[in-house]
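Participant: Kindly generate the corresponding structure for this input.
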Amino acid sequence: TAEQWIDAANLGFRWVAKARMARVIPATVTDAFTEGRGTFDVRVLGIRIQRLPAGDETDSGEFLRLIAELPWCPVAYTHPDLSWDAIDSRNLRVRFAHRSVHGTMNFVVDEQGRVLEARADSRGRSIGKVMVPTPWWGLYGDYKDYGGVRLPSTAEVFWGAPEGAFAYVRIEIVEAALEF
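Facilitator: Take a look at the predicted model:
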């Protein structure tokens, strides 16, 4: 199970997933962009087994992750650090400049304006101790009403690795609480 918080005013997020390996060994994954910095940390039995290095690559990658989370926090679409362009009636590009992080992400929307896909041409993927620029995208679906706001209840996120694209996470939202 996982919980996530998104800060629309300061453009930040924190996602914490907790699981048990072999039903008894606790593992925690924390993925975040807060106060202008990105972090990714994996712990098993409380011992850190993976952490992305601090720096621009991690900050940029985690900020892209935040931008991909916007369908779950639509109030953040209007943040002044985000600039939107319509490519055509179904495709939007967001450019962002937030502190030292900048870049672009493309969104595909349906005729009702619901986000169906978010895509970055390049996001750093950790392979061993090296960050490798890799295409990255998410697919969103099954929009439901959460407290009067329609949000996607499912998502699947992919890396476009040279050996072939693969999904690395499938998400099902079971509960959402929106605070304004």
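
Participant: ok, now which ones touch the residue lying farthest from the centre of the chain?
Facilitator: Within the chain, Val24 marks the point farthest from the mean C-alpha position, 28.4 Å out by CA atoms, centre = their mean. Contacts for Val24 (CB atoms under 8 Å, 6 or more residues apart in numbering) come out as none. From N, CA and C alone the C-beta is placed, and that goes for glycine too.

Participant: How about residues contacting stretch 113-131?
Facilitator: Identification of contacts with stretch 113-131 by CB under 8 Å, 6+ apart yields 40, 50, 52-53, 57-58, 60-61, 64-65, 67-68, 70-71, 103-110, 132-141, 143, 150, 152, 159, 161.

Participant: If we use 7 Å, what do you get?
Facilitator: In this structure, residues lying in contact with stretch 113-131 by CB atoms under 7 Å, 6 or more residues apart in numbering are 52, 57, 61, 64, 68, 71, 105-110, 132-140, 143, 159.

Participant: Return a PyMOL selection command for the buried portion of these.
Facilitator: Only the buried entries of those go into this PyMOL selection, using 16 or more other CB atoms under 10 Å:
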select buried, resi 52+57+61+64+68+71+105+106+107+108+109+134+135+136+137+138+139+140+143+159
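
Participant: Give me the subset of the contacts of stretch 113-131 lying in helices.
Facilitator: Using DSSP state H, the subset of the contacts of stretch 113-131 located in helices is 57, 61, 64, 68.

Participant: what bridges to Val101?
Facilitator: His98 (DSSP bridges).

Participant: do Trp5 as well
Facilitator: So, taking DSSP bridges as the rule, Trp5 has Arg14 as bridge partners.

Participant: Hmm, Val16 and it touching each other?
Facilitator: No - between Trp5 and Val16 there is no contact under CB atoms under 7 Å: 8.9 Å.

Participant: show me the contacts for Ser153.
Facilitator: Going by CB under 7 Å, 6+ apart, Ser153 touches 142-144, 172-173.

Participant: I meant Arg14, not that one.
Facilitator: Residues in contact with Arg14 (CB under 7 Å, 6+ apart) are 4-5, 32, 34.

Participant: Out of these, grab the one that's most surrounded.
Facilitator: Top of those by neighbour number is Ala32, holding 20 neighbours under the definition other CB atoms under 10 Å.

Participant: leaving aside the residues next to it on the chain, what's closest to it?
Facilitator: Arg14 (4.3 Å; CB to CB, 6 or more residues apart in numbering).

Participant: about what we covered before: which of the contacts of Arg14 lies closest to Arg20?
Facilitator: Minimum distance to Arg20 across the contacts of Arg14 is 19.7 Å, recorded for Gln4 (CB to CB).

Participant: residues contacting the closest one?
Facilitator: Gln4 touches 13-15, counting by CB under 7 Å, 6+ apart.
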